[in-house]
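K.L.:
dropping the sequence and predicted coords here.
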Amino acid sequence: MKVILHVDMDSFFSAVEVRENPELKGLPVIVGGKIETEEEITAEEPDRKIRGVVSTCSYEAREYGIHSAMPLSRAYELCPDAKFLPVNMPLYKRVSREIMTILKEYADKIEQVSIDEAFLDVSTKVRNWDEAREYALRIKREILEKEELTCSIGIAPNKTIAKIASAFVKPDGLTVVEEVKAREFLAPLPVKKIPGVGPKTEQMLKKMNIEQIGQLASYDVQELVAKFGKYGTRLHLIANGIDESEVEEEWERKSLSRERTFAEDTKDASVLNNCVDELAEEVYNTIKKEGFVFKTVALKVKFEDFVVCTRAKTLKSFHSELSMLKKIAKELMTEFSQGKGKEKEKKIRLVGVRVSNLGVVDEKQRRIV
Ligand code: TTP
Ligand code: MG
């Protein structure tokens, strides 16, 4: 039996703020942007006291119709008495890491999907749906005891249903969808509840008279394919409660490097620098494609006598710019060419550029987790 959990923290940023400042408990709390001081209010926009958008808000604030991505100025109109707080990312990242550490202990496999949510495959940990519910309750209790935060959990035979289920009862929810009840659970829900179905797909489906997942489930799959291609098949399967996708363990990449051996050993600074530039670009293209950011840059040199030396520099924070990568790699190269007596004299046979201490960029945040 496959049992998947989707855990999603409740009003994450604002819940963390309330935990840190208990006097905010029960109040409408809005996290996002920043509040401008009197001096910052420009003459052209005298009324715009607050800039930026709402990152998230407490459930109390949601009762005023406030939600993520709403301009803060609008939130201010809806609830001027709310507590407005700036985003404190380092704090939320730290709490996120602590939560993920707790969750790891419960999972056969874990896949973190954003700063505050993860899929857990717990198939070997429980024998039936009742045990799965108990297991999820234990997780909720541990997070509440250790972090003073609530989360909502969906339990289901696959990832898609687990994700839909975690949002079904919120905050502090727990929803179990047994395999035999999957289609029944999905049928009345609007199609936009399927992860990945945005306003465009929703509109296209509406034109085909498909508004609920149940209608999608019984629709002719050939017609869906004609309209959506392969995605049509996937939508039809999901609507019928089928999703074979696995919980993907985080692919931890420790480092990434490129190196080159010269056709002829060299000491020529411009040849060496050009080579470092090119290698830095190759490394950069890969990390960019895979969404990584780096903290450490290392340069490896193999001399004509096959002696290998490495120098590295670790930055205070994560970086993703090619210019930074090139700059450090070249500085390290200069250290070699101006280095200790003997090294300076030797020709170089091979150069390598490596980045390590890698982080991933969270898609939802476009920030590093
Ligand atoms: P969500 O899990 O989508 O929202 P939430 O945890 O605040 O509320 P709930 O799950 O109870 O509905 O996002 C997690 C965090 O990501 C959220 O606390 C703030 C941040 N976030 C943004 O910064 N901008 C956004 O548009 C969204 C949706 C979230
Ligand atoms: Mg959340």
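P.N.:
Cool, got the structure. Ligands and ions are numbered 1, 2, ... in the order given.
K.L.:
C-alpha only now, for contacts and for neighbours.
P.N.:
Noted.
K.L.:
for Val197, grab phi and psi.
P.N.:
The phi and psi values for Val197, taken as degrees, to the nearest 10, are phi -80, psi 100.
K.L.:
please work out which residue of the stretch 101-250 of the chain is closest to ligand 2.
P.N.:
Closest residue of the stretch 101-250 of the chain to ligand 2, C-alpha to the ion: Asp116 (5.6 Å).
K.L.:
which residues touch that residue?
P.N.:
Taking C-alpha atoms under 8 Å, 6 or more residues apart in numbering as the contact definition, Asp116 lies against 8-9, 12, 96.
K.L.:
let me have those in a markdown table, adding distance to Tyr219 as columns.
P.N.:
Listed next are the contacts of Asp116 as a markdown table, based on distance: C-alpha to C-alpha, whole Å:
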| residue | distance to Tyr219 |
| --- | --- |
| Asp8 | 31 |
| Met9 | 35 |
| Phe12 | 38 |
| Ser96 | 41 |
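K.L.:
make CSV out of those residues and add pLDDT, secondary structure and distance to ligand 1.
P.N.:
Formatted as CSV, the contacts of Asp116 follow (pLDDT from 0 to 100; DSSP: H, G, I helix; E, B strand; the rest coil; distance: C-alpha to the nearest ligand atom, whole Å):
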residue, pLDDT, secondary structure, distance to ligand 1
Asp8, 98, strand, 6
Met9, 98, strand, 5
Phe12, 98, helix, 4
Ser96, 94, helix, 10
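K.L.:
surely Glu178 is in contact with Pro157?
P.N.:
Yes - here Glu178 reaches Pro157: they are 6.8 Å apart, a contact under C-alpha atoms under 8 Å.
K.L.:
what about these two, which has more around it?
P.N.:
Pro157 (25 against 17; other C-alpha atoms under 10 Å).
K.L.:
any idea of the pLDDT on the more buried one?
P.N.:
With respect to pLDDT, Pro157 has a value of 98.
K.L.:
dump the residue contacts of it.
P.N.:
Neighbours of Pro157 in contact, by C-alpha under 8 Å, 6+ apart: 1-4, 177-179.
K.L.:
check those residues and tell me the two furthest apart.
P.N.:
Greatest spatial distance in the contacts of Pro157: Met1 and Val177, 13.2 Å, computed using C-alpha to C-alpha.
K.L.:
show me the contacts for Glu178.
P.N.:
129, 155-157 are the contacts of Glu178 under C-alpha under 8 Å, 6+ apart.
K.L.:
swap that for Asp268, sorry
P.N.:
Counting by C-alpha under 8 Å, 6+ apart, Asp268 has no contacts.
K.L.:
got the residues of the stretch 101-250 of the chain near ligand 1?
P.N.:
Where proximity means C-alpha under 6 Å from any ligand atom, the interface of the stretch 101-250 of the chain facing ligand 1 comprises 116, 171.
K.L.:
now do the residue of the stretch 51-200 of the chain found nearest ligand 1, the pLDDT please.
P.N.:
Proximity of the stretch 51-200 of the chain to ligand 1 (C-alpha to the nearest ligand atom) peaks at Ser55, 3.7 Å away. Ser55 is assigned 96 on the pLDDT scale.
K.L.:
separation between it and His67?
P.N.:
Per C-alpha to C-alpha, to the nearest Å, Ser55 is found 8 Å from His67.
K.L.:
so where's the stretch 251-369 of the chain uncertain?
P.N.:
Where the stretch 251-369 of the chain drops to pLDDT under 70, the residues are 251-253, 340-341, 362-369.
K.L.:
as a check, name the ranges of all strands in it.
P.N.:
Under the criterion DSSP state E, counting those that start in this stretch, strands of the stretch 251-369 of the chain are mapped to 255-266, 292-303, 308-319, 348-356, 359-362, 367-368.
K.L.:
now those strands in CSV, with distance to ligand 2 and mean neighbour count?
P.N.:
Shown next, in CSV, are the strands of the stretch 251-369 of the chain (distance: least, C-alpha to the ion, whole Å; neighbours: other C-alpha atoms under 10 Å):
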stretch, distance to ligand 2, mean neighbour count
strand 255-266, 31, 15
strand 292-303, 24, 22
strand 308-319, 25, 14
strand 348-356, 30, 23
strand 359-362, 14, 18
strand 367-368, 16, 16
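K.L.:
would JSON lines of those with distance to Gly173 be doable?
P.N.:
Below are these laid out as JSON lines (distance: least, C-alpha to C-alpha, whole Å):
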{"stretch": "strand 255-266", "distance to Gly173": "39"}
{"stretch": "strand 292-303", "distance to Gly173": "33"}
{"stretch": "strand 308-319", "distance to Gly173": "35"}
{"stretch": "strand 348-356", "distance to Gly173": "39"}
{"stretch": "strand 359-362", "distance to Gly173": "25"}
{"stretch": "strand 367-368", "distance to Gly173": "27"}
